[in-house]
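K.L.:
Curious how this folds, go ahead:
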Amino acid sequence: MDRVMLGVADIEVSKLCLGTMTWGSQNTEAEGHAQADLAVDHGITFWDTAEMYPTNPVRAETVGNTERIIGSWLAARGGRDRLQIATKISGVGQKMVREGVPITGASLRAAVEDSLLRLQTDYIDLYQLHWPNRGSYHFRQIWRFSPKGMDRAAVEAHMLDVLRTAAELIAEGKIRAIGLSNESVWGAGLWLHLAQVHNLPRMVSVQNEYSLLCRQFDSDWCEFSAVENMPLLAFSPLAAGLLSGKYAGDVTPEQTRRSFTPDLGGRITPQVFPAVAAYLGLAAAYGLDPCQMAIAFCLSRPFPCIPIIGASDLGQLQTNIGASDLVLSEDVLADIAAVHRLHPMPF
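P.N.:
Now for the predicted structure:
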């Protein structure tokens, strides 16, 4: 598995990241451990989780269990220094985690301490803010997004509070770097500006949704990511399984993500299945596995991109890992661009 630098951070990671959010819901602890073993065997040492996981759905009785499963794997297997672990603080909107209080310096410190205990480790390589206190346009909120009424002074005060606490946690060796998630270009720019002006830790990455079906990152974010060397950790590169073809024809196989979340987080629309059919047809025409094509597409982008691959079984994970060796031809990329023009925003 090729390795890349995590932006400006002095952290080298695998070019694919292992997503773990099903561990503890769709996957048992033993299944999570098996996925972890397979990932390490193939050189995937960069793993992503969050304090609220497992998800689909998030339940009060399971919050934190994914981190606990990673912790029990580490206790059994050892070798913490061979991994790069990323996790996240939830903040506003997730009532089942510390009652959904906004992210502050104090809540950041408390969340880090709790995650360290569950993960059974002394440090976290990348600690991320799951979403901004001020809200965002992600997760289909773009259809009603409005930044009116934002108090910039309050936003800056919040950011400085978080960055100062992050500096303390880095100095204490509890986290190595800090990053963003579900963030906008304006927000990321302000985070970097304040860090530079006040000599505080720089946000090193952003975790936003990105796939053949969700390409909001391709405009201003693309430029910002490339110029500022802020890698995208692309979550849902298979669009919650849509691009695998398992839901083609608007079906819902048992024990799939859609059986737990029928609308796949707002991704099921009248427009989505024609788009999926077009990409499945393109993959078939070139003799490509559709999942591998979708993940390889993320790796081909003109900005630094690390796809987060997840799976509910070892066979799916093995297939997805195979995308690391796939380089899409110019003909495939041209045909992908043509399909995108026909189906620009299917959800």
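K.L.:
Going along the chain, name the strands of the stretch 201-347 of the chain.
P.N.:
203-207, 232-234, 305-309 (DSSP state E, counting those that start in this stretch).
K.L.:
In CSV: these, plus mean neighbour count, mean pLDDT and distance to residue 251.
P.N.:
(Each C-beta comes from the backbone N, C-alpha and C, glycine too.) Formatted as CSV, the strands of the stretch 201-347 of the chain follow (neighbours: other Cβ atoms under 10 Å; pLDDT from 0 to 100; distance: least, Cβ to Cβ, whole Å):
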stretch, mean neighbour count, mean pLDDT, distance to residue 251
strand 203-207, 26, 98, 30
strand 232-234, 25, 99, 26
strand 305-309, 25, 98, 23
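K.L.:
Relative to residue 3, which of those is closest?
P.N.:
Closest approach to residue 3 among the strands of the stretch 201-347 of the chain is made by strand 305-309 (10.6 Å; Cβ to Cβ).
K.L.:
Direction included, what does that closest one pair against?
P.N.:
Strand pairing for strand 305-309, using DSSP bridges, gives strand 17-19 (parallel), strand 232-234 (parallel).
K.L.:
can you put the strands of the stretch 201-347 of the chain in a markdown table and add distance to residue 116?
P.N.:
A markdown table is the format used below for the strands of the stretch 201-347 of the chain (distance: least, Cβ to Cβ, whole Å):
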| stretch | distance to residue 116 |
| --- | --- |
| strand 203-207 | 19 |
| strand 232-234 | 21 |
| strand 305-309 | 22 |
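K.L.:
Relative to residue 284, which of the ones you listed is closest?
P.N.:
Residue 284 sits nearest to strand 305-309 of all the strands of the stretch 201-347 of the chain, at 21.3 Å, using Cβ to Cβ.
K.L.:
what does that closest one contact?
P.N.:
Identification of contacts with strand 305-309 by Cβ atoms under 8 Å, 6 or more residues apart in numbering yields 4, 13, 15-19, 44, 46, 48, 207, 210, 231-237, 295, 298-299, 317, 320-321, 323.
K.L.:
go on, stretch 279-290?
P.N.:
With Cβ under 8 Å, 6+ apart as the contact definition, stretch 279-290 has outside contacts at 212-213, 243-245, 248, 293-294, 319, 322, 326, 329, 331-332, 335-336, 339.
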